[in-house]
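Visitor: Here is a sequence together with a model predicted from it:
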There are 2 protein chains.
Amino acid sequence: MALILYELLGADNRRFSPYCWRTRMALAHKGLKAELIPCKFTDKQLFAFSGQDKVPVLKDGDKVVFDSWDIACYLEEAYPDRPSLFGGPIGRAGARFFNEWVPTFSRHLLLTVIKDIFDHAHPDDKDYFRQSREERFGKTLEQLGGESGNHRAGIEAGMAPLRAVLQHQPFFCGSAPAYADYIVFGHFQMTRSISPKRFLEKGDILYDWRHRMLDLFNGLGRSVNAYPE
Amino acid sequence: MALILYELLGADNRRFSPYCWRTRMALAHKGLKAELIPCKFTDKQLFAFSGQDKVPVLKDGDKVVFDSWDIACYLEEAYPDRPSLFGGPIGRAGARFFNEWVPTFSRHLLLTVIKDIFDHAHPDDKDYFRQSREERFGKTLEQLGGESGNHRAGIEAGMAPLRAVLQHQPFFCGSAPAYADYIVFGHFQMTRSISPKRFLEKGDILYDWRHRMLDLFNGLGRSVNAYPE
């Protein structure tokens, strides 16, 4: 098998990297199977050949690509006869906007569940996760966890235009899902994998979208250890 | 000439409707010329045939279309051999996200300049504008004007992902402008038409983008009465 994906591994086989989910979904969209190499945060030596220290990393024969956006662009160019992730240059440019806009929203999701991520990080990774995240955010994980409710407004603000679009179309990419959907979906896979907190409830148009996303590719998104819906 | 566009008219021939600008740019993108019928807010009888009371309204022979998004979709379908506004279904879906997301940002632009709009509304429209906007926002125009500085953070938050995208591509639609660019551009045409306040300064990647937008179609965006750059 030519394709190998290095992706993040948590405790109990959980997969909570939103960026790795983008790539998993993009590969499935293209109908490509990759050998998965689950890596802990502290397993960086496994993909040191990529010249950087973050997953996802995709190896396609001799070709090495990292960064979820660059991987999506690589797959689109390397496998042009497979279903398109972008639907052409303008669609790709629109997906790029999702790529840049989503962090303004997903940051609030992350900070709401960051203590839950720590709790579900692989035991070998706990010290690394605590140190790197406390340094990044300038607070202890316990402080951040105690403030998790502060992000409700930011999450709602981000969900508002997403919900507005879904009033008109079943997926962010229109009548069928494509890469912009996978960008957003990855972050809900993160929360679902490691947190009992529910961000989407029945009756929410985004809840229905997420269920459609979970159904894709024979339930790929459901195939992992996660909290029940 | 078959195409007629009913668009908003302010004092001194100013054109400050962001939605009418979207349509002006979309028509130019398609290489279509339309007869312009400038209408004051209080000229609603001029386009009452559309069954609603807002511009832009496009008349194409017997066909009547209103709402800037629906007009863009109509033009794309009615003139498929002209340059595409969306670049296909996925690109159209991405533009729809811009359409729904931009108000979270443009609302702050609007509230920053709302008193300036009043000052540049057509004299016949002043009473209408004051009454309708004070009712909508629950404050006097003078109160809203006094609070205009409060929206700086909202404007910066909206500009952040726009700037991030432009690090990678010259237009929101990629290497060339298309409808998502016109969506954003319309709001900067609004502020430029009626306010001396500057939102974009030299050295800002968005400033450069706006200049590229102003250059399009033989300087269509510059062809109107506006405050100097």
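Guide: Received, thanks.
Visitor: What parts of chain A come near chain B?
Guide: A:84, A:86-98, A:100-101, A:103-104, A:157, A:160-161, A:164-165, A:168-169, A:171-175, A:178, A:180 (CB under 8 Å from any CB of the partner chain). C-beta coordinates here come from the backbone N, C-alpha and C atoms, glycine included.
Visitor: Try it again at 7 Å.
Guide: Proximity of chain A to chain B, by CB under 7 Å from any CB of the partner chain, involves residues A:86-97, A:100-101, A:104, A:157, A:160-161, A:164-165, A:168-169, A:172-175, A:178, A:180.
Visitor: Sitting in helices, which of the residues you listed do you find?
Guide: Judged by DSSP state H, the subset of the residues of chain A next to chain B located in helices is A:89-97, A:100-101, A:104, A:157, A:160-161, A:164-165, A:180.
Visitor: check contacts around the residue of chain A found nearest chain B.
Guide: Scanning chain A for the residue nearest chain B gives residue A:94, at 2.2 Å (criterion: CB to the nearest CB). Taking CB atoms under 7 Å, 6 or more residues apart in numbering or on different chains, we find residue A:94 in contact with A:180, B:91, B:94, B:95, B:97, B:180.
Visitor: Show me the one in the residues you listed that has more neighbours than the rest.
Guide: In terms of neighbours by other CB atoms under 10 Å in any protein chain shown, the contacts of residue A:94 top out with residue B:94 at 35 neighbours.
Visitor: where's that residue relative to residue A:96, distance?
Guide: Distance of residue B:94 to residue A:96, computed by CB to CB, to the nearest Å: 9 Å.
Visitor: Among the contacts of residue A:94, find me the one that's closest to residue A:70.
Guide: Of all the contacts of residue A:94, residue A:180 has the smallest distance to residue A:70: 16.2 Å, by CB to CB.
Visitor: How about residue A:96, nearest residue that isn't a chain neighbour?
Guide: Leaving aside its sequence neighbours, residue A:96 sits nearest to residue B:165 (CB to CB, 6 or more residues apart in numbering or on different chains; 5.6 Å).
Visitor: Count the neighbours of the one you found for me.
Guide: 22.
Visitor: OK, contacts around it?
Guide: Contacts of residue B:165 by CB under 7 Å, 6+ apart are A:96, A:97, A:100, B:172.
Visitor: do the same with residue A:174
Guide: Applying CB under 7 Å, 6+ apart, the residues contacting residue A:174 are B:89, B:90, B:92, B:93.
Visitor: can we see that at 10 Å?
Guide: A:87, A:91, A:165, A:168, A:180-181, B:86, B:88-94, B:96 (CB atoms under 10 Å, 6 or more residues apart in numbering or on different chains).
Visitor: Could you tell me what pLDDT the model assigned to the closest residue to it other than its chain neighbours?
Guide: Using CB to CB, 6+ apart and skipping the chain neighbours, the partner closest in space to residue A:174 is residue B:93 (3.6 Å). What the model reports for residue B:93 is a pLDDT of 98.
Visitor: what does the average pLDDT come to for stretch A:155-167?
Guide: So the average pLDDT for stretch A:155-167 ends up being 97.
Visitor: Quick check: buried residues in it?
Guide: For stretch A:155-167, a neighbour-count test (16 or more other CB atoms under 10 Å in any protein chain shown) marks A:155, A:158, A:159, A:161, A:162, A:164, A:165, A:166 as buried.
Visitor: Ok, stretch A:183-201 next?
Guide: A:183-195, A:199-200.
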